[in-house]
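> Could you work out the structure for the sequence below:
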Amino acid sequence: MGFGLSTRLIEARKAFIASALLSLSGVIIEGLALTVYSSVILLTDFFHWTLDTIVEFMMLFSIYYASRVGKKFPWSILIVEFSTSLLVMIVLLAFYGWVMLDYVNNLVVTYEVSTTDPWISLVTIAGGFITFTAFLIQRRNFRRYGLEILRIDYTHALMDTLSSFFATVGVVATALTRSHSLEILFTIILLVFIIHSVLELFKDSFKVLSGTNVDPELTSRITLTLEKELYGVRLKTVEARKIGSFYIVSVDVFLDPEMPIYKAHAVKRKIVRLARKESELIYHVDVRMFPDPLLRKSGGRKAPK
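Next up, the predicted model:
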């Protein structure tokens, strides 16, 4: 794994593009199938696909911003994206709840299952093939580039493959037996996967939107390291914020107003290097520099009043 972090992040970005497009293809396939079949198992699997696709694109955008070395991490854009994703997710869940109520009402009235054609399983099998392909791609990329976010993604893809397996078994078993109990059982199993995705998205979104994603322990370690290693530099603020499985670090420092630009750039590079040594999960370091108000133009400190 002889790649620098910048190269690994760029390659991870390409991997997430492939993973997100695969996930989107699964949504399209199952969405088209739902125009023909009204299976509640297929519908639940479709909602799971949709939520996971939202998560994939959020991870893609996050890793894209983190990979732009030398550019400020756009927190405002990320907050808009998280807010929009939350809103879309809430609308989808409300719609799914309405559909489920309709399903229950029809079940009480007609006492018939909604999954009657075993050929629907071809759709869920295709979904399993897609998620397993994403698993293989991301596992290969993790072994090559060693980024934790890739390991998390391929683990998630493996869980999605398991979800597709349950959906397939549920479709076949319900269609062949016309058992209400089996249809409800496998719908509940798929709901467990949905709840897991929803909780993860809610947790990450809430922390980003509320500003509670600062890791105090990592922030403290970085602060102590910078205070020990930097000379002629005064720290203003240090923050290590977590997004999903990785960190974005922001460091504000005061410099001598008369410090040459080349020295200021050297200080910035040193801050980035020192911060990244504290954790392999730090993917981006923003450094902002301000003229030290305690220093006169002559370079001496103001006398205390």
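> switch to C-alpha atoms for all contacts and neighbour counts from now on
Noted.
> the domain parsing of this structure - what is it?
For the chain, automatic domain parsing gives the domain ranges 5-210, 216-291.
> Flag the shaky bits of the stretch 151-300 of the chain, pLDDT-wise.
The model of the stretch 151-300 of the chain has pLDDT under 70 over residues 296-300.
> Ignoring the adjacent residues along the chain, who's closest to Tyr247?
Nearest non-adjacent residue to Tyr247, counting by Cα to Cα, 6 or more residues apart in numbering: Ile282, 4.6 Å away.
> now the one helix or strand Leu51 maps to: how far from the chain's centre is it?
Using DSSP states H and E, Leu51 sits in helix 40-67. Mean-position distance between helix 40-67 and its chain equals 9 Å (Cα atoms, centre = their mean, to the nearest Å).
> what helices or strands is it leaning on?
Using 3 or more Cα pairs under 8 Å, 6 or more residues apart in numbering; DSSP states H and E as the contact test, the elements touching helix 40-67 are helix 5-34, helix 75-110, helix 148-177, helix 180-210, strand 282-291.
> can you tell which of these is closest to His48?
For these, proximity to His48 was assessed by Cα to Cα; helix 180-210 is nearest, at 5.3 Å.
> Wait, Asp117 touches Ala175, no?
Yes. At 5.4 Å, Asp117 counts as touching Ala175 under the criterion of Cα atoms under 8 Å.
> Enumerate the positions of stretch 15-24 that are buried.
Buried residues in stretch 15-24, defined by neighbour count with 16 or more other Cα atoms under 10 Å: Ala15, Phe16, Ile17, Ala18, Ser19, Ala20, Leu22, Ser23, Leu24.
> For the helix or strand harbouring Asn141, give me every contacting residue.
Assigned by DSSP H and E, Asn141 belongs to helix 121-145. Outside helix 121-145, the residues that touch it by Cα atoms under 8 Å, 6 or more residues apart in numbering are 1, 3, 8, 11-12, 15, 18-19, 22-23, 26, 29-30, 33, 42, 148, 150-151, 153-158, 160-165, 167-169, 171-172.
> before we move on, what about stretch 288-297?
With Cα under 8 Å, 6+ apart, stretch 288-297 has contacts from Arg234, Ser250, Val251, Asp252, Val253, Phe254, Leu255, Asp256, Pro257, Glu258, Arg301, Lys302.
> Name the residues of that stretch that are buried.
So stretch 288-297, judged by 16+ other Cα under 10 Å, has buried residues Met289, Asp292, Leu294, Leu295.
> quick check, distance from it to the centre of its chain.
38 Å.
> do stretch 195-205 as well
Distance, centroid of stretch 195-205 to centroid of chain: 10 Å (Cα atoms, centre = their mean).
> which stretches of the stretch 1-150 of the chain have low pLDDT?
1-3, 69-70.
> Now with 80, please.
For the stretch 1-150 of the chain, the stretches with pLDDT under 80 are 1-6, 68-71, 107-111.
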